[in-house]
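S.K.: The following comprises the amino acid sequence and a computationally predicted model.
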Amino acid sequence: MKGLLKYLSPFAPDQSGAVSVFYELGGIIVICDAGGCTGNICGFDEPRWFQERSAIFSAGLRDMDAILGRDDRLVEKLKDAAKYLNKEFALIIGTPVPAVIATDMKAMKRMATKRCGMPVMSIETIGTRLYDRGAQDAYMELFQTYVEDTQEKSSKTGILGCIPLDISVLDPKAYIQEEDYYCYGMGDGLEAIKRAGSVERNIVVSPASYKLAVYLQKRFGTPFSIEYPFLPDSFEEELNNIKDKKVLVLHQQVAAHEIRNLLRKNGCDVTIGTWFMEIPELKEAQDLHFEKENTFIETVLKNEYDVIIGDPAFKRALKGFTGKYIELAHFAVSGKFADASQNALWK
Amino acid sequence: MSYVYSITAKELVEKGRDNIPNELQSSKHLIYSSPATLSFNSPGAQGFGVKRAGLAIPGSVMLLVAPVCCGRNTQALAAPDGFGERFFFLLQDDTDIVTGRHLNKISKAVKEVVDSLETPPSVVMICITCVDALLGTDMDRVCKKASEYVGIPVLPCYMYALTREGKLPPMVLVRKTLYSLLEKKPRKKNVVNILGEFAPFQDNELFEILKGFGIQRIHEISKCKDFEDYKTMAEANFNIILNPEARHVADDMKKRLGIPSIEMTRVYQIDKIHKQYELFGSALGVSIDDTKYYEEAMKVIEQFNTLYPNTSFALGEWCNADPFELALALLRYGHQVKEIYGTITNVNYVYIKKIAQISPNTKIFTNLSPTMLNFNCKESEVDLSIGKDAAYYHPECPNIPWNEDNKPFGYAGLKELFTRLLEAKKGE
């Protein structure tokens, strides 16, 4: 049955992906919910929340707000909070509640921009989609709002798509090999984003940032490549021992693609399986996209892989698998880091 | 700008109960989200929210019918006690949340879940969320249909965050659901139910006192071995309510099963504990001698007072206490309370009035105020903090979280509190 999960738990939702993109940028983030969505985003999907304070708020919607559609109250609350917080912008994030009552998020954005006297953005996340869709929409809203027109080119590289949900590490700079770069949203903030039009090239590290790379290419002529530098050293060493095997890699597609490239050097026959967005140019004929749990289990078991590489949470659904399972955590799946030693930092 | 909203107990009392400042009313401002507010924002993520509580019936499983976002933190609930094996999900898509078509799939989903289990569950709880609250779903009807389809009881659990401050909030309704399968039985004089929590209470004198006047079985839902054991709760002579959120279910049990109830409160003022036992005894027509327990608790309090007189505290609400009652208790034991992070209610306003008399300058904050983002612990040093939220604001200060699932009660709870405070100071 579509939507029924008997062994897996839900993956990170669109609203978590959207918040993650904006998390470090120094704005006021308002989640348009009754409280539960905010708790889920912060307490489970945003590991940085435990490490540093951030201006993240729930709208605290109650039944009468939803029934009467009192958007003006939310805007007034935002205006009051902004007085004391000295932030550069505000962002309103959608959830199932505004989706069900058909809140006009764009109208709310306009109203809030006028009343608060600061840039306000909104993302129409609805809580039924996955994190990558929310992140993609957030990247587009953010860069379309802030990137400045320029004719100049610097020697810098832009790293697109760094959010913990996708790269499963908290310290991306420890992995990036480039010498001169902007790591947008994890280390580099709004000033870097404003100058995104001047970079020499972009690196796409997740499918969620692919649309943004295409946009920047069209607008500024910036070329991009698709790479994933965030595999832990110990994991890469483990890959060296896999030779001439039939392998399934379960992850976000860019990470899985990087692993496929490494395994092919060892003569492996590699299939990528993902529940998330796909970049057409990375997809090969044998690759799998999953939407139903029972199809996932049947397909994976039927194909008799020698090795499966994936998040530990998938193992519960694949009890009948008799080959070797190599764990590589995907934060959007299990809320765990690729480098397991980092898990103790926030749980 | 580093403004943080707070008000002294004296100022608050001068304003009066009917003029609580907007800054202290959660409906009047955005709700700040920090680790100090996690239990407010997502009760299911910490402690017992609707999801964990809904599984209190032995042998039950839960099907969460919701958008993907509502089930996300269930991963976090899976690890410590194996709850993950008891959760199932029916995820709603974009069309479902507008049309409600998912309701037609629930019976089949329940059957698929039941068929996948080696042992059939005693009951399937269907947990629904804000989406169905707004769609106006008649969940009783949906559950009845599903129950007929699978031949197992199917019950609704309402995780409606939108109604959190309503007359029947989710944590009240879930308690009613949990006891709704009890059927009327002849009452037994020596059987009592303790209502209110979802994990066994910490060992406390109430059990001994009850046994002292002939009570042989003291039921807590979390201690029921299996579904048959759970059903014997209907034999109780009376219920003891130890959490106000269980009042509604106690009323329901009075109507349906004829079981009356008596309510007791967790307090930390030792004379109030004594008074409560006196009243409890007179309600039951027995005399309760609590001298031994009183003296044991007082001994530990005095030990702490001797070693650490005039200790200054910061108290949070993310703990097993009403922070205002706890503050009053600590003040009466001779200590200082510099800061309280709490939510003001009609019940605890009574304590604030007394705090204002003893310690007018005690500052009251609310965790939920947006200005708490600017809180700086260096501006207010304290010796000890109680509650996980207080630990967040004063990370360098010794803290006891005091927020275990197994709740403290009575003299034993008070004694344990001061034992932990002693340990925290010794370990400094």
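M.R.: Arrived safely, thanks for sending.
S.K.: use CA for all of it now, contacts and neighbours both
M.R.: OK.
S.K.: For the stretch 151-300 of chain B, which residue gets nearest to chain A?
M.R.: Closest approach between the stretch 151-300 of chain B and chain A, counting by Cα to the nearest Cα: residue B:162, at 4.4 Å.
S.K.: Is that residue in contact with residue A:59, as I believe?
M.R.: No - look at residue B:162 against residue A:59 with Cα atoms under 8 Å: they stay out of range, at 11.0 Å.
S.K.: I'd like to know the average pLDDT value across stretch A:300-318.
M.R.: Average pLDDT, stretch A:300-318: 96.
S.K.: Tabulate the CA atom coordinates of it in PDB.
M.R.: What follows is stretch A:300-318, C-alpha atoms only, in PDB (Å, rounded to 0.1, in the frame of the first residue of the first chain):
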ATOM      1  CA  VAL A 300      16.100  -5.100  -3.300                       C
ATOM      2  CA  LEU A 301      15.700  -8.800  -2.200                       C
ATOM      3  CA  LYS A 302      14.800 -10.000  -5.700                       C
ATOM      4  CA  ASN A 303      18.000  -8.500  -7.200                       C
ATOM      5  CA  GLU A 304      20.300 -10.600  -5.000                       C
ATOM      6  CA  TYR A 305      23.000  -8.000  -4.400                       C
ATOM      7  CA  ASP A 306      26.300  -9.100  -2.800                       C
ATOM      8  CA  VAL A 307      26.700  -5.900  -1.000                       C
ATOM      9  CA  ILE A 308      24.300  -3.100   0.100                       C
ATOM     10  CA  ILE A 309      25.600   0.200   1.200                       C
ATOM     11  CA  GLY A 310      23.100   2.400   3.000                       C
ATOM     12  CA  ASP A 311      21.700   4.000   6.100                       C
ATOM     13  CA  PRO A 312      21.400   1.600   9.100                       C
ATOM     14  CA  ALA A 313      17.600   2.400   9.300                       C
ATOM     15  CA  PHE A 314      17.100   0.500   6.000                       C
ATOM     16  CA  LYS A 315      18.400  -2.800   7.500                       C
ATOM     17  CA  ARG A 316      15.200  -3.300   9.500                       C
ATOM     18  CA  ALA A 317      13.200  -3.500   6.300                       C
ATOM     19  CA  LEU A 318      15.800  -5.800   4.600                       C
END
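S.K.: How about it and chain B, any contact?
M.R.: No - if you take Cα under 8 Å from any Cα of the partner chain as the test, stretch A:300-318 misses chain B, and the best it gets is 9.1 Å.
S.K.: Distance check, the closest residue to chain B within the stretch 201-347 of chain A against residue A:327.
M.R.: Distance from chain B to each residue of the stretch 201-347 of chain A (Cα to the nearest Cα) is smallest for residue A:334, at 6.9 Å. When distance is defined by Cα to Cα, to the nearest Å, residue A:334 is 11 Å away from residue A:327.
S.K.: can you check residue A:65 too?
M.R.: Going from residue A:65 to residue A:327 by Cα to Cα gives 45 Å.
S.K.: Show me which of these two is the more surrounded one.
M.R.: residue A:327 (18 against 15; other Cα atoms under 10 Å in any protein chain shown).
S.K.: Next, work out how far apart the closest residue to the residue of the stretch 151-300 of chain B closest to chain A other than its chain neighbours and residue B:137 are.
M.R.: Nearest in space to residue B:162, with sequence neighbours left out and distances taken as Cα to Cα, 6 or more residues apart in numbering or on different chains, is residue A:62 at 4.4 Å. Counting by Cα to Cα, the separation of residue A:62 from residue B:137 is 18 Å.
S.K.: coming back round to it: which residues do residue B:162 and residue A:59 both contact?
M.R.: residue A:34 (Cα atoms under 8 Å, 6 or more residues apart in numbering or on different chains).
S.K.: I am finished for the moment; much appreciated.
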